[in-house]
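S.K.: Show me how the following folds:
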Amino acid sequence: MTYLPSFGRTAIGVDIGSRVIKAVQLGGARGRRKVIASASITRSKPGSPIDHEEVQRLSRVLSQQGFAGRRVVLAAPSDMMMSAVLDMPPRESGAPYDVIAQQEFARLQSQVPGKFEVAWWDIPQPTRASSVTVMTVGCAHADTDPMLDVFAGSGFDVAAMDSGLCAAVRACDEQLESAQRISAVLDLGWDSARLALVHESVVVFDRTFVGSGMAGLHSRVCDALSIEAEEADCLIQSIGLVSGDAEHDEEDARARAVAPLLRPIFGAFLDEIARELEASFEYASHQYPDAEPHRLVLVGGGGAVRGVAQRLDGMLTPEVLSANAGGWGDTSGAAAMMATALGLAGYYDQG
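M.R.: Here you go, the predicted model:
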């Protein structure tokens, strides 16, 4: 695999969500990249593995929206990603780290060695650790090969496959700011919420909150109002969690009527997520007692809902912001929605 040149267009970052496919391409010199093409495409088969028909549709949209080239960097399916923190032998032992990481990861994840891909990197040594500590992420070939095959069969050149959460962290790097304190990125996706804790500019912790995705909120709204999913989605986007009267001028009569009922549902949903986040920050403080929690950046569909960042900001110790990477320069939530695709497009600019 060869690296792309530092000038010109990057590979196309493609983030395949349960309901929406996001794509971003960057241009310009390395270090001064900017978004030159982006697209958000509603899935024709929500919740299903992407197939040839959907990839062909994606290909047509990319051509229409000004993307160039066929090289793509894909996010591995988030529900198939595995992660673990491993203790390794001292560096001076000369131990084969790649081999040990593969074998230990396979043991912990009940995987067969050679049947999966794993990436690892050094993380700051926790206070109580006596050995070298590394973060590992991986996925089984059986879970990724079908996606790779359908893209290759549709004429794409898959340059790399990356962790979507790591890509989102890369996109939000400037917002995370402090390398000496604990920062975080929370991907509020459809099926689940996934958290990355970052210390000294590397991911040190990766946790999935099962059942905390936006699908759960939609289900509660549908049950409360006896409505279909499409209407629930419109109401969530129009009402959000902003309180007060200023926003009412922008809401339709239906939204104004149900807002008093729905906002407590939104609040209860975020209360549950806040408890999970607090537990994760407590873990980080235990591992790195000298590095206090600093900032949490929201990405994904949930991060684009107005008022979510403000609500969590009032509940948690770290400052909470919605992603603004990429220079979209508006409040439509585009930056939060597109953060993972943006980070994938910048895959070859890391390091």
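
S.K.: Averaged pLDDT, the helix or strand hosting residue 342. What do you get?
M.R.: In this structure, residue 342 sits in helix 334-345 according to DSSP states H and E. Across helix 334-345, pLDDT averages out at 94.

S.K.: Can you tell me which helices and strands it packs against?
M.R.: Here helix 334-345 touches strand 12-16, strand 20-27, strand 34-42, strand 71-75, helix 164-171, strand 293-299, helix 300-303, going by 3 or more Cβ pairs under 8 Å, 6 or more residues apart in numbering; DSSP states H and E. Heads up, the C-betas are built off the backbone N, CA and C, glycines and all.

S.K.: can you list the ones you listed in TSV and add mean pLDDT and mean neighbour count?
M.R.: Listed next are those as TSV, based on pLDDT from 0 to 100; neighbours: other Cβ atoms under 10 Å:
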stretch	mean pLDDT	mean neighbour count
strand 12-16	97	27
strand 20-27	96	22
strand 34-42	94	17
strand 71-75	97	23
helix 164-171	95	28
strand 293-299	93	26
helix 300-303	90	27
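
S.K.: so what's residue 185 up against?
M.R.: With contacts defined as Cβ atoms under 8 Å, 6 or more residues apart in numbering, residue 185 is in contact with 165, 168-169, 172, 176, 195-196, 198, 296-299.

S.K.: Would you reformat those as CSV and include distance to residue 146?
M.R.: Listed next are the contacts of residue 185 as CSV, based on distance: Cβ to Cβ, whole Å:
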residue, distance to residue 146
165, 21
168, 23
169, 26
172, 30
176, 33
195, 27
196, 26
198, 31
296, 34
297, 32
298, 30
299, 26
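
S.K.: And these, which is closest to residue 46?
M.R.: Comparing those against residue 46 with Cβ to Cβ picks out residue 299 as the nearest, at 19.7 Å.

S.K.: Just give me the residue closest to the centre of this structure.
M.R.: residue 165 (3.9 Å; Cα atoms, centre = their mean).

S.K.: how close does that residue sit to residue 274?
M.R.: Using Cβ to Cβ, to the nearest Å, one gets 19 Å for the distance from residue 165 to residue 274.

S.K.: next one: residue 70
M.R.: Using Cβ to Cβ, one obtains 43 Å as the distance from residue 70 to residue 274.

S.K.: Residue 167 now?
M.R.: Residue 167 sits 25 Å away from residue 274, going by Cβ to Cβ.

S.K.: And the strands in this protein?
M.R.: Along the chain, the segments classed as strands by DSSP state E run 12-16, 20-27, 34-42, 71-75, 82-88, 116-122, 132-140, 157-162, 182-188, 192-199, 202-210, 293-299, 319-322.

S.K.: Show me the domain layout of the chain.
M.R.: If the domains of the chain are taken from automatic domain parsing, they occupy 79-141, 208-321, with pieces of a single domain joined by a plus sign.

S.K.: Tell me which of those lies nearest to residue 65.
M.R.: Nearest of these to residue 65, taken as Cβ to Cβ: domain 208-321 at 19.6 Å.

S.K.: and that closest one, how far apart are its ends?
M.R.: 20 Å (Cα to Cα, to the nearest Å).

S.K.: related to what we said a few turns ago, of the helices and strands packed on helix 334-345, which is nearest residue 147?
M.R.: Residue 147 lies closest, by Cβ to Cβ, to one member of the helices and strands packed on helix 334-345: strand 71-75, at 6.6 Å.

S.K.: Give me the contacts around the closest one.
M.R.: If you take Cβ under 8 Å, 6+ apart as the criterion, strand 71-75 is touched by 4, 11-16, 147-148, 151, 156-164, 167, 340-341, 344-345, 347.

S.K.: How far away from the center of its chain is the helix or strand bottoming out on mean pLDDT in the chain?
M.R.: Lowest by mean pLDDT, DSSP states H and E among the helices and strands of the chain is helix 229-239, with a mean of 84. When C-alpha coordinates are averaged (Cα atoms, centre = their mean, to the nearest Å), helix 229-239 and its chain have centres 22 Å apart.

S.K.: Can you give me the buried ones in it?
M.R.: When neighbours are counted by 16 or more other Cβ atoms under 10 Å, the buried residues of helix 229-239 are found to be 232-233, 235-236, 238-239.

S.K.: same deal with stretch 206-223?
M.R.: Going by neighbour count (16+ other Cβ under 10 Å), the buried part of stretch 206-223 is 206-209, 212-218, 220-222.

S.K.: Nothing else from me, thank you.
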